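A.B. asks: Whatever this is, show me its structure:
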Amino acid sequence: MKYKKRKFTPRECLHIYQRTINGFNIFYDREDALVFYTIFSVLSKFYNVRVLALCLMVDHVHSLLSSDALSNISAFVRHYTSLFVSEYNQSIGRHGNLFHKSFGSAPKVGGKKVRSTVVYIGNNPVEKALCSKAEDYRWNFLAYLEDENPFSTYKPSSLYSMKLRRAFAEAKGAHRRNRYLTYGQVRRMFDVLSQDESELLTDYIIRLYLPIDKEMLMSYYTSCYDMLNAMRSTAGGEYDIREVFNPGSDKIFEQMAKYVHDELQMSPTRKIITLPGEARLEIAGLLSNRFAPSKYELSKFLHLKLCGR
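C.D. replies: Reported below is the predicted structural model:
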């Protein structure tokens, strides 16, 4: 099969869209998002790729990137994808790909197209009813452009527990050495913390590793307020990439993931996809009784090929 040659203009922006195989979910909880995010952040610097936007959804990833050469961006995407999949699989004893090998891309030349794409990427969670405003979603990282603790309650470091201090120090040390956080590290750091401490640590890690080039992003806007106001006014647009869009809310996936983790005591939550087919079908029955998901939603969540929607 021949692939079309990617269009690219040096130092302009390229919208990257990656979707999972069969549309299956891969981001189940904080662990998955943080490992992907820190890998992405570390390698963006290694490949000298400037990041204007990034959004993690349950079954796909959007980013808006800029570089001097297409080869830098291609190598970057291949590297962070393969590294994340390797870490993901190793953590649960799984084999095989998670993302399609070929990713979607579209050049965005000129301020109008760049702004429209930034808005489109930032509003992905709004479109899937995960939040009412783009900055209320943690995993598009917009809130961190202006606030160090957007999803946690600030408290002075003198009040931190020893466990939280150690976790902060471990994250800071990894970042200083240009290392991403592994699943083992994330689990070790968070397992001993309270819920409030976990939120503080999550905000700290995201702010510490934040890869978004705020200076370049703001060159397209007068301020962060201006950008966020644009997101509230319009959904933005993407006409050059064929994104698979399914109507309905992704909120149900958050609810099912919490149920599997808390009630079925499946930890890590992603381990559910490694269970035998019969076991997953049994869980599908439990989830159906509790949340009334569609067959399509059960299929995505449990990595099952179920007929119908």
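
A.B. asks: now the strands: where do they sit in this structure?
C.D. replies: Applying DSSP state E to the chain gives strands spanning 13-19, 50-56, 60-66, 104-108.

A.B. asks: who wins for proximity to residue 168 among those?
C.D. replies: Ranking the strands of the chain by distance to residue 168, with CB to CB as the measure, places strand 50-56 first at 22.9 Å. (C-beta placed from N, C-alpha, C; glycine too.)

A.B. asks: can you give me the angle that closest one makes with strand 60-66?
C.D. replies: 170 degrees (axes from the mean of the first three to the mean of the last three CA atoms, to 10 degrees).

A.B. asks: Strand 50-56 versus strand 13-19: what angle between them?
C.D. replies: 30 degrees.

A.B. asks: What ranges does the stretch 101-250 of the chain have for its helices?
C.D. replies: Using DSSP state H, counting those that start in this stretch, the helices of the stretch 101-250 of the chain run over 111-122, 124-127, 162-176, 183-190, 195-209, 214-218, 224-233.

A.B. asks: Relative to residue 38, which of those is closest?
C.D. replies: Closest of these to residue 38 is helix 195-209, at 5.2 Å (criterion: CB to CB).

A.B. asks: Give me the contact list for the closest one.
C.D. replies: Contacts of helix 195-209 with the rest of the structure, by CB atoms under 8 Å, 6 or more residues apart in numbering, involve 30, 34, 37-38, 41-42, 138, 141, 144, 148-153, 155, 160-161, 163-164, 167-168, 171-172, 175, 181, 189-190, 193.

A.B. asks: Quick check: buried residues in that helix?
C.D. replies: For helix 195-209, burial by neighbour count (16 or more other CB atoms under 10 Å) applies to 197-209.

A.B. asks: Now restrict the contacts of helix 195-209 to buried residues only.
C.D. replies: Counted by 16+ other CB under 10 Å, the contacts of helix 195-209 give 30, 34, 37-38, 41-42, 138, 141, 144, 149-150, 152, 160, 164, 167-168, 171, 175, 181, 189-190, 193 as buried.

A.B. asks: Residue ranges of each domain in this structure, please.
C.D. replies: 13-148+210-233, 157-208, 251-302 (automatic domain parsing).

A.B. asks: from those, which stretch is densest packed?
C.D. replies: Mean neighbour count (mean count of other CB atoms under 10 Å) peaks for domain 13-148+210-233 among the domains of the chain, with a mean of 19.

A.B. asks: Just the mean pLDDT for that one, thanks.
C.D. replies: When pLDDT is averaged over domain 13-148+210-233, the result is 96.

A.B. asks: what's the span of it, first residue to last?
C.D. replies: 23 Å (CA to CA, to the nearest Å).

A.B. asks: just stretch 257-277 next, same as before
C.D. replies: Start-to-end, stretch 257-277 (CA to CA) is 18 Å.

A.B. asks: State the mean pLDDT of that stretch.
C.D. replies: 96.

A.B. asks: Outside of it itself, which residues are in contact with it?
C.D. replies: By CB under 8 Å, 6+ apart, stretch 257-277 touches 24, 26, 28-29, 31-32, 88, 91-94, 183, 187, 280, 283, 286-287, 290-291, 301-304.

A.B. asks: ok, 10 Å please
C.D. replies: Residues outside stretch 257-277 that contact it (CB atoms under 10 Å, 6 or more residues apart in numbering) are 24-32, 58, 88-89, 91-95, 98, 183, 186-187, 191, 256, 279-283, 286-287, 290-291, 301-305.
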